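**Student:** mind looking at a prediction? Sequence and model below.
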Amino acid sequence: MPLTTYTAGEVLTAASLNSNFSFASTNGGLVLVSATTIGSAVSSVTISSAFSATYDAYKIVVSGGVGSAGGSLQLQLGSTTSGYYGGFGGSTFAGVADAGGYTNTANFQNVGRGSTNTLQMSVELQNPFDTKNTYAQYSFIVNDSSAGRARMTGAFLNNSTSYTAFTIVVETGTLTGGTVAVYGYAKA
């Protein structure tokens, strides 16, 4: 059944709305898997039961809240502390190129940022539950000031472990408040 569209003044029925939600969850839409509130003054946040056979790809978004200092966020799958590889490119807001990479590190590096103004992270993962390499893509603002820069990263975890959980670790200081939302990409 196709997605129903509505016009101004039209009565919306429960059946029609439920049909639209069903369509989105079975035709490639994002489905909320979990939403976890970050505690007060914590140095890491672990999300258990985030990944399963239901989805092959996921989006993890951190929003709201603040950091006690400016510091990057790292992402670790399960208890794996080696085998993460990535390369990034970007530029300063003044247009100066910024590129680099990391090899065989303890986690996905610089996946987001905590500052006294906000927390921000948006990561896409493919295959975290499958017994294959896990791939990650993410971008973020490294410093939310006029002297900052933006980066885009492609990375992978070089192993065939199946993961259900992940941990976000702050490089410097602590995190307070905000939400970690995990979405699954419905299989089309």
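**Tutor:** Looks like it arrived, so ask away.
**Student:** show me the shaky parts of the protein.
**Tutor:** For the chain, applying pLDDT under 70 flags the ranges 1-3, 17-28, 144.
**Student:** okay, strands next: where are they in it?
**Tutor:** Secondary structure of the chain by DSSP state E: the strands cover 30-37, 44-47, 57-63, 66-67, 71-77, 84-92, 97-105, 108-114, 119-126, 134-141, 149-157, 166-170, 175-176, 179-185.
**Student:** just name the most buried of those.
**Tutor:** strand 108-114 (a mean of 24; mean count of other CB atoms under 10 Å). The C-beta positions use only the backbone N, C-alpha and C, and glycine is treated the same way.
**Student:** give the pairing partners of that strand; include direction for each.
**Tutor:** Strand 108-114 has its sheet partners listed here by DSSP bridges as strand 71-77 (antiparallel), strand 119-126 (antiparallel).
**Student:** before we move on, the earlier item: which one of the strands of the chain lies closest to Thr7?
**Tutor:** For Thr7, the closest of the strands of the chain is strand 30-37, at 25.4 Å, according to CB to CB.
**Student:** any residues touching that closest one, and which ones?
**Tutor:** Residues outside strand 30-37 that contact it (CB atoms under 8 Å, 6 or more residues apart in numbering) are 24-25, 45, 47, 49-50, 55, 58-59, 177-186.
**Student:** using CSV, list the CA coordinates for it.
**Tutor:** C-alpha atoms of strand 30-37 as CSV (Å, rounded to 0.1, in the frame of the first residue of the first chain):
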residue,chain,number,x,y,z
LEU,A,30,14.1,5.2,10.0
VAL,A,31,12.6,3.4,13.0
LEU,A,32,13.5,4.5,16.6
VAL,A,33,15.2,1.6,18.4
SER,A,34,16.0,3.4,21.6
ALA,A,35,16.3,6.8,23.3
THR,A,36,18.6,7.1,26.3
THR,A,37,18.9,10.1,28.5
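**Student:** list the strands paired with it, with their directions.
**Tutor:** strand 179-185 (antiparallel).
**Student:** how far does the strand it pairs with sit from the chain's center?
**Tutor:** Computed by CA atoms, centre = their mean, to the nearest Å, the chain-centroid distance of strand 179-185 equals 7 Å.
**Student:** now it and strand 57-63, what's the angle there?
**Tutor:** For strand 179-185 against strand 57-63, the angle by axes from the mean of the first three to the mean of the last three CA atoms, to 10 degrees is 160 degrees.
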